[in-house]
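> Provide a 3D model corresponding to the input given below.
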Amino acid sequence: MAEEKKKENIWNLPNILTFSRIIIAFLTIFLIFAEVNILYVVLTFLLGMLTDTLDGQIARRFNLKTEFGRQFDMIADRFLMVGVALAVIVKLGISEVLTTNQLFQIFFILSREIILSPIVLVALISGKGVPIPQVRFIGKLTTVMQAITFPAILLGIFFDFFSFSIYLAVATGVVGLVSAFCYVNDIKKIIG
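You can find the predicted model right below:
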């Protein structure tokens, strides 16, 4: 007899927190286009990143882990990070507030997402679905570094004190590149 697959309860606190990250992404994007004080934008973004920490901690601590939650978490992470970064690039780029240096920093901290996006698109177009490997430490480290570096870049646009963000961006970009290559390798193993 084939073993029955256990039905997951996707309506749990970690998944609700993950969903809230998508709502927070939209709110952050709205604040950017509404030209609200950058401190509020940064605080809202950080709140979204905090939900990433909380959802995983709660899921592991209270045994609420689900496959749906694992995949949804990765999507919500990318939605917050890439969506907000694109909003900053569009809004502050059009306003000519964003320098070439700051634009480079944003692209560099998104190195993992830039490398993996074509792979995900090909997988989606092929109809085979997107293979989502298990989370690695290097992937979590990249996300944490993005959560620190992106606000520093945003603050550096308006406050000279944060000009050190270039160093954080380079470190985040390098870790992101390593993370991307690890994921590519994992995806190759999954596909076979």
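> Just the buried residues of the helix or strand of the chain with the lowest mean pLDDT, please?
Of all helical and strand segments in the chain, the minimum by mean pLDDT, DSSP states H and E falls on helix 111-126, at a mean of 82. Applying a neighbour-count criterion of 16 or more other CB atoms under 10 Å, one finds S111, R112, E113, I115, L116, I119, A123 buried in helix 111-126. (C-beta placed from N, C-alpha, C; glycine too.)
> C-alpha coordinates for that helix, PDB please?
Below are the C-alpha coordinates for helix 111-126, written out as PDB (Å, rounded to 0.1, in the frame of the first residue of the first chain):
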ATOM      1  CA  SER A 111      23.400  39.200  -6.600                       C
ATOM      2  CA  ARG A 112      21.800  35.900  -5.400                       C
ATOM      3  CA  GLU A 113      18.400  36.900  -6.800                       C
ATOM      4  CA  ILE A 114      19.900  38.200 -10.100                       C
ATOM      5  CA  ILE A 115      21.700  34.900 -10.700                       C
ATOM      6  CA  LEU A 116      18.800  32.700  -9.600                       C
ATOM      7  CA  SER A 117      16.000  34.600 -11.400                       C
ATOM      8  CA  PRO A 118      16.700  33.300 -14.900                       C
ATOM      9  CA  ILE A 119      16.900  29.700 -13.600                       C
ATOM     10  CA  VAL A 120      13.500  30.100 -11.900                       C
ATOM     11  CA  LEU A 121      12.000  31.600 -15.100                       C
ATOM     12  CA  VAL A 122      13.200  28.800 -17.200                       C
ATOM     13  CA  ALA A 123      11.800  26.300 -14.700                       C
ATOM     14  CA  LEU A 124       8.500  28.100 -14.700                       C
ATOM     15  CA  ILE A 125       8.300  28.300 -18.500                       C
ATOM     16  CA  SER A 126       9.200  24.600 -18.900                       C
END
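> other SSEs contacting it?
Secondary-structure packing of helix 111-126 (3 or more CB pairs under 8 Å, 6 or more residues apart in numbering; DSSP states H and E): helix 67-94, helix 165-191.
> Excluding covalently adjacent residues, which one is nearest to N15?
Distances taken as CB to CB, 6 or more residues apart in numbering place G69 nearest to N15, at 4.9 Å, with adjacent residues excluded.
> tell me the contacts of the one you found?
I10, N12, P14, N15, T18, D55, A59 (CB atoms under 8 Å, 6 or more residues apart in numbering).
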